[in-house]
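# build me a structure from this.
(chains A and B)
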Amino acid sequence: DAGVIQSPRHEVTEMGQEVTLRCKPISGHNSLFWYRQTMMRGLELLIYFNNNVPIDDSGMPEDRFSAKMPNASFSTLKIQPSEPRDSAVYFCASSIRDSGNTIYFGEGSWLTVV
Amino acid sequence: DAKTTQPPSMDCAEGRAANLPCNHSTISGNEYVYWYRQIHSQGPQYIIHGLKNNETNEMASLIITEDRKSSTLILPHATLRDTAVYYCIVRVARSGSARQLTFGSGTQLTVLP
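Here you go, the predicted model:
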């Protein structure tokens, strides 16, 4: 299996621009997670989905952030408008509802907002 | 999910066993102990998990004390590529419901040549 696939791997954008990060979970996995990592705050959960339905979005920082999962094989995290403080690494992860619920992470999208 | 305490950093000589401790004194009966690691610039990588019995896989061994209030991750023959931040996480792993992982600060393991 190819693992969790994220794109873009790196993005530099200007403040005020819209940013869309994409994620393809592992085939057959029915839970998907978006995390953000910064030096100051470490790894933080933003939102997660079960069977394409958002379950907990309490970690989404503000209305500028939105996430969708239109089908089982694709999710997006959108920031509009972007701000310099959104600069971080954004990780997507997926899991399957087996007894272990092990979560597998992608390689991350490195976002810099200037 | 129960809170965990890990030392911020540890060193280990290449080829020797690396023993990473974790305290989880408030762990509940249905909570598992998970270990992940994050190599610089990469996504977190699953290592191993267990409930109360010791576990071993191709990457590591997990030793959980009888009272389940602490555990140790053992990398039997550490290599330079094992240099990473290691996270100990306590989490319910109930089948039929997904639960997120809550990451703490972890232990920075540095394997020295």
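# okay, now the unreliable bits of chain A?
A:1, A:97-100 (pLDDT under 70).
# most centrally placed residue in it?
In chain A, the residue lying closest to the centroid (C-alpha atoms, centre = their mean) is residue A:34, at 3.2 Å.
# and for chain B?
In chain B, the residue lying closest to the centroid (C-alpha atoms, centre = their mean) is residue B:35, at 3.0 Å.
# and what about the residue lying closest to that residue once chain neighbours are set aside, helix, strand or coil?
Excluding the flanking residues, the one nearest residue B:35 by C-beta to C-beta, 6 or more residues apart in numbering or on different chains is residue B:47, at 4.3 Å. In this view, the C-beta of every residue, glycine as well, is placed from N, C-alpha and C. Classification of residue B:47 by DSSP: H, G, I helix; E, B strand; the rest coil places it in strand.
# quick one, strands of chain A?
Along chain A, the stretches classed as strands by DSSP state E are A:5-7, A:10-13, A:19-24, A:31-38, A:42-50, A:53-56, A:65-71, A:74-79, A:88-95, A:103-105, A:109-113.
# what does chain B give?
B:9-13, B:18-23, B:31-38, B:45-50, B:55-56, B:61-64, B:70-75, B:84-92, B:107-112.
# for the third one, packing partners?
Contact analysis of strand B:31-38 by 3 or more C-beta pairs under 8 Å, 6 or more residues apart in numbering or on different chains; DSSP states H and E lists strand B:18-23, strand B:45-50, strand B:61-64, strand B:84-92 as its packing neighbours.
# identify whichever of those strands lies nearest to residue A:114.
Closest to residue A:114 of the helices and strands packed on strand B:31-38 is strand B:84-92 (C-beta to C-beta; 27.4 Å).
# name the residues linked to the residue lying closest to residue B:57 once chain neighbours are set aside by a beta bridge.
Among residues not flanking residue B:57 along the chain, residue B:48 sits closest, at 5.5 Å (C-beta to C-beta, 6+ apart). For residue B:48, the beta-bridge partners under DSSP bridges are residue B:35.
# is residue B:12 bridged to anything, and to what?
Bridge pairing for residue B:12 - DSSP bridges - gives residue B:111.
# just the pLDDT for it.
Here, the pLDDT recorded for residue B:12 equals 96.
# re the thing from before, closest one to residue A:10 among the strands of chain B?
For residue A:10, the closest of the strands of chain B is strand B:31-38, at 17.9 Å, according to C-beta to C-beta.
# which residues does that closest one contact?
A:102, B:1-2, B:20, B:22, B:24, B:27, B:44-51, B:60, B:62, B:64, B:68, B:71, B:73, B:82, B:84-93, B:101, B:103, B:106, B:109 (C-beta atoms under 8 Å, 6 or more residues apart in numbering or on different chains).
# could you report the neighbour count for residue B:84?
Neighbours of residue B:84 under the rule other C-beta atoms under 10 Å in any protein chain shown: 21.
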